[in-house]
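**Q** Predicted model, plus sequence, below.
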Amino acid sequence: MGGYGRFRIGPHLYLATRIVLAIKGIQSNVLEVRHICNNPSCCNPNHLRLGTHAANMKDKVKIGRVKGVKNPKAKLTEIQVRLIRNLANKMLTLNLANLFNVSRNQIRMIRTRKQWPHVIGVATDKEVKAFLTKSKD
């Protein structure tokens, strides 16, 4: 829960933003807390809204908090992410992870758009052919 305030109540750990919204009478086990101020550690109830994961990711993209290939630790390119999404229903997670030299969890996070949410669509036929040609070498 990097960057987010937390409370421990008994054996349970809660995000501070969830506690703040619960005090205001707003609760959801399905929706995420969106920070309209673009500050993940903010707990000001006037800056918090519930929303879908997709809406939360759109906020991050719009504000510029999603880095993708600009992240110096990124192991994948946007084309590779689109390729993974192309192949997600055709290959096992383990095989995709081995093919792209990343963890199975990374593949799962890409499939569910929890990572690389700003990458839209799937790879083009040209990108698939280029990848298949390169992977044969």
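**A** The structure has been received and is ready for your questions.

**Q** what helix or strand is the residue most central in space within the chain on?
**A** Nearest to the geometric centre of the chain sits Lys114, at 2.2 Å (Cα atoms, centre = their mean). Using DSSP states H and E, Lys114 sits within no helix or strand.

**Q** Now do stretch 114-127: distance from first to last residue.
**A** By Cα to Cα, to the nearest Å, the extent of stretch 114-127 from end to end equals 23 Å.

**Q** got the domain boundaries for the protein?
**A** 6-63, 68-136 (automatic domain parsing).

**Q** is it possible to export the ones you listed to CSV including mean pLDDT?
**A** Listed next are the domains of the chain as CSV, based on pLDDT from 0 to 100:
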stretch, mean pLDDT
domain 6-63, 86
domain 68-136, 86
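
**Q** What segments of this structure are strands?
**A** 6-9, 12-15, 32-35, 48-51 (DSSP state E).

**Q** Nearest to Met91 among these would be which one?
**A** The closest of those to Met91 is strand 32-35. By Cβ to Cβ, the value is 29.1 Å. (Glycine included, C-beta is placed from N, CA and C.)

**Q** what sits up against that closest one?
**A** 15, 17-18, 21, 42, 47-53, 55-56, 59 (Cβ atoms under 8 Å, 6 or more residues apart in numbering).

**Q** are any of those buried, and which?
**A** Thr17, Arg18, Leu21, Cys42, His47, Leu48, Arg49, Leu50, Gly51, Asn56, Asp59 (16 or more other Cβ atoms under 10 Å).

**Q** Contact partners for the last one?
**A** Counting by Cβ under 8 Å, 6+ apart, Asp59 makes contact with Arg34, His35, Ile36, Asn38, Gly51.

**Q** Compare these and tell me which has the most neighbours.
**A** Counting neighbours by other Cβ atoms under 10 Å, the top entry in those is His35, with 22 neighbours.

**Q** if I look at that one, how far off is Asn29?
**A** 19 Å (Cβ to Cβ, to the nearest Å).

**Q** Would you map the helices across the protein?
**A** Taking DSSP state H, the helices of the chain run over residues 16-23, 53-63, 78-87, 93-100, 104-111, 125-136.
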